[in-house]
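>>> Output the structure for:
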Amino acid sequence: MRTGIERIVLDFVWQLNVPVSPIIRGRDAARAELEKHNQLASGMVDGSKIRAVVSNEDTVVVERVDVNLIAGKRVMFHVTAIFEVRDGAITCWREYWDTGDIARQLGGDPGQMFDQIGS
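The predicted structure follows:
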């Protein structure tokens, strides 16, 4: 049984926020990027919730509300994530969320969102 990072294929493609963030290619690059983000934000904390999950044969769409601690501030934002799956492994992961909303909660410039969080 595959767990964690093993659930993604070697040629995995990830875009943290379409269309503004860079496209990360490959399992090792994704692992490094996830580790970097784990240092910048807490990940989902109390108050986060999955609102809906829909799927077909090879695509899973998840609507959720994320609550993270970023730079010591509690930030809440709505996310839609799309996962493409092949043979039980994730081949592609794309997320859509409002960078301006997060930047305003952090007290910053929405145009500089990824600079503010070190991405």
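>>> give me every residue that touches the spatially closest residue to residue 89 that is not a sequence neighbour.
Spatially, and ignoring its direct neighbours in sequence, residue 89 is nearest to residue 9 (4.9 Å; C-beta to C-beta, 6 or more residues apart in numbering). (Glycine included, C-beta is placed from N, CA and C.) By C-beta atoms under 8 Å, 6 or more residues apart in numbering, the residues touching residue 9 are 27, 86, 89, 90, 91.
>>> Between all of these, which two are separated the most?
Farthest pair in those (C-beta to C-beta) is 27 and 86. Separation: 13.8 Å.
>>> Would you mind telling me which of these two has more residues around it?
residue 27 (19 against 10; other C-beta atoms under 10 Å).
>>> how about the helices in this protein?
For the chain, applying DSSP state H gives helices covering 27-40, 99-106, 113-116.
>>> rank those by pLDDT, which is bottom?
With a mean of 58, helix 113-116 has the lowest mean pLDDT of these.
>>> May I have the strands that pair with the top strand by length along the chain, each with its orientation?
Taking DSSP state E as the criterion, the chain has its longest strand at strand 73-86. Using DSSP bridges, the strands paired with strand 73-86 in its sheet are strand 59-70 (antiparallel), strand 89-96 (antiparallel).
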